[in-house]
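J.: structure for the following, please:
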Amino acid sequence: MLRTLFSPRLVALHLLAVGVLVSFFFLGRWQLGEFEESGMPKAVADPAPVAVTELAALGGHTESDVAGRQVTAQGTFDAQGQLLVADREADVSAPGGRVASGRGFWILTPMRLTDGTIIPIVRGWVPSASDPALAVPTGTVTVTGRLRPAEQTDAVQRTGALPAGQVATVSTSELINLWTDGKLRSGFVVATAQDTPSGATSVAVPAPTVGSGLTWRNLAYAAQWWIFAIFAVFMWFHFVRDAVRESRGERPASGSAGSAGGTRGGPAEGPAPIADIV
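T.: Take a look at the predicted model:
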């Protein structure tokens, strides 16, 4: 059996089967990757900055289609209302709360715009609540950044009660109770540039993206390649089985004929002539 399995013909078949399996596996994995990537957000055009008052509404919600848009805000910071968003990393996309416990703080400062309304500004990130970068610039300040929708109060898993002056989320419904001396605009701005640098680490914020539907055709292609691989295994097994059966069938036939001839001491009897049968 081993001699049959390792005959030149079957060795070539084994190598062909391995090559087909490896190729079909990676072709299927490639199509699966295309399927997974099709559902990821895609970057869209990034328009020039506009005034934050054009996109951040009063008494409403910041729509998802303007999330990440570049905006400019000009006004004065309210140092008395500054808050720290606890347990955050220097990336707006990173999870916060218990997942990022002890990582650092966002500096959240209310800016009173020229029309008297207030927009929350994330001025940067600091590793501790006593960092010198917490100092609030005075006078009129111009900030360029990206607009983000307000977070839900349950957007993070909280670590427990926070000290005074700290919050867990940038939630309009929560901030409106803390900043009662002006009309609060929805959403918040993550600063990317300030005419008065604070010395804090900038918080990374993505550009606008748009969601896209999954391309199910690629998933079907992946399944198709893997079905082909299973069929290739079946065909390999079929050919190997036939070869083994063939080799086993030939050896007993030749051995039994020789044995019969040796026992009788004469030539083996052959089949009857056709004439006799008739």
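
J.: and M111, which of the three is it?
T.: Using DSSP: H, G, I helix; E, B strand; the rest coil, the structure places M111 in strand.

J.: isn't it up against I118?
T.: Yes. Counting by CB atoms under 8 Å, M111 does reach I118; the two are 6.7 Å apart. Bear in mind the C-beta positions are built from the backbone N, C-alpha and C, glycine included.

J.: tell me the residues that contact both of the two, please.
T.: Common contacts of M111 and I118 (CB atoms under 8 Å, 6 or more residues apart in numbering): D78.

J.: can you count the residues close to the residue lying closest to T196 once chain neighbours are set aside?
T.: Spatially, and ignoring its direct neighbours in sequence, T196 is nearest to P137 (4.0 Å; CB to CB, 6 or more residues apart in numbering). Neighbours of P137 under the rule other CB atoms under 10 Å: 17.

J.: so P137 is in which element?
T.: For P137, there is no helix or strand it lies in under DSSP states H and E.

J.: next one: A207
T.: A207 belongs to no helix or strand, assigned by DSSP H and E.

J.: please apply the same query to E246.
T.: According to DSSP H and E, E246 maps onto helix 216-264.

J.: quick one: average pLDDT of that helix?
T.: Helix 216-264 shows a mean pLDDT of 73.

J.: partner residues bridging L84?
T.: I107, Q166 (DSSP bridges).

J.: OK, contacts around it?
T.: Counted by CB under 8 Å, 6+ apart, L84 has contacts F105, W106, I107, L108, A129, L134, G165, Q166, V167.

J.: who wins for neighbours among those residues?
T.: Of those, with other CB under 10 Å as the count, W106 tops at 26 neighbours.

J.: how much space between that residue and D131?
T.: 12 Å (CB to CB, to the nearest Å).

J.: same thing with L83?
T.: Counting by CB to CB, the gap from L83 to D131 is 14 Å.

J.: likewise G116?
T.: 30 Å.

J.: ok, S186 next?
T.: Relative to D131, S186 is positioned 28 Å away (CB to CB).

J.: quick one: the strands in this structure?
T.: 42-43, 50-51, 70-77, 83-86, 105-113, 118-126, 140-148, 166-167, 188-194, 209-210 (DSSP state E).

J.: per-residue confidence at the residue nearest to S202 when sequence neighbours are not counted?
T.: The shortest distance from S202 to any residue that is not its chain neighbour, by CB to CB, 6+ apart, is 5.8 Å, and that residue is G124. Looking at G124, its pLDDT stands at 95.

J.: now swap in T196 and tell me
T.: 79.

J.: one more: A48?
T.: 88.

J.: one more: L84?
T.: Note for L84: predicted pLDDT of 96.

J.: repeat that for the one 5 residues further on.
T.: Note on E89: pLDDT of 94.

J.: over to it: give its phi and psi.
T.: E89 adopts backbone torsions of phi -100, psi 170, taken as degrees, to the nearest 10.

J.: show me the contacts for it.
T.: So E89 contacts G96, A100, R103, G104, W125 (CB under 8 Å, 6+ apart).

J.: more neighbours, G116 and D131?
T.: A direct count of neighbours by other CB under 10 Å for G116 and D131 places D131 higher, at 19 against 9.

J.: what about the more buried one, distance to T196?
T.: 17 Å.

J.: same thing with G145?
T.: 14 Å.

J.: show me which of those two is the more surrounded one.
T.: Legend: neighbour count by other CB under 10 Å for G145 and T196, higher for G145 (26 against 14).

J.: give me the beta-bridge partners of that one?
T.: Going by DSSP bridges, G145 is paired in beta bridges with V71, A191.

J.: and the residue nearest to T196, what's its pLDDT?
T.: pLDDT, read off for P137, is 91.

J.: residue contacts, the closest residue to R9 other than its chain neighbours?
T.: Using CB to CB, 6+ apart and skipping the chain neighbours, the partner closest in space to R9 is A243 (7.6 Å). By CB under 8 Å, 6+ apart, the contact set of A243 is T4, S7, R9, L10.

J.: what is the burial count for W216?
T.: Neighbours of W216 using other CB under 10 Å come to 10.

J.: least confident secondary structure element in this structure?
T.: helix 274-277 (a mean of 38; mean pLDDT, DSSP states H and E).

J.: quick revisit: looking at the contacts of L84, spot the one nearest T53.
T.: Taking CB to CB as the measure, T53 lies nearest L108 of these, at 19.4 Å.
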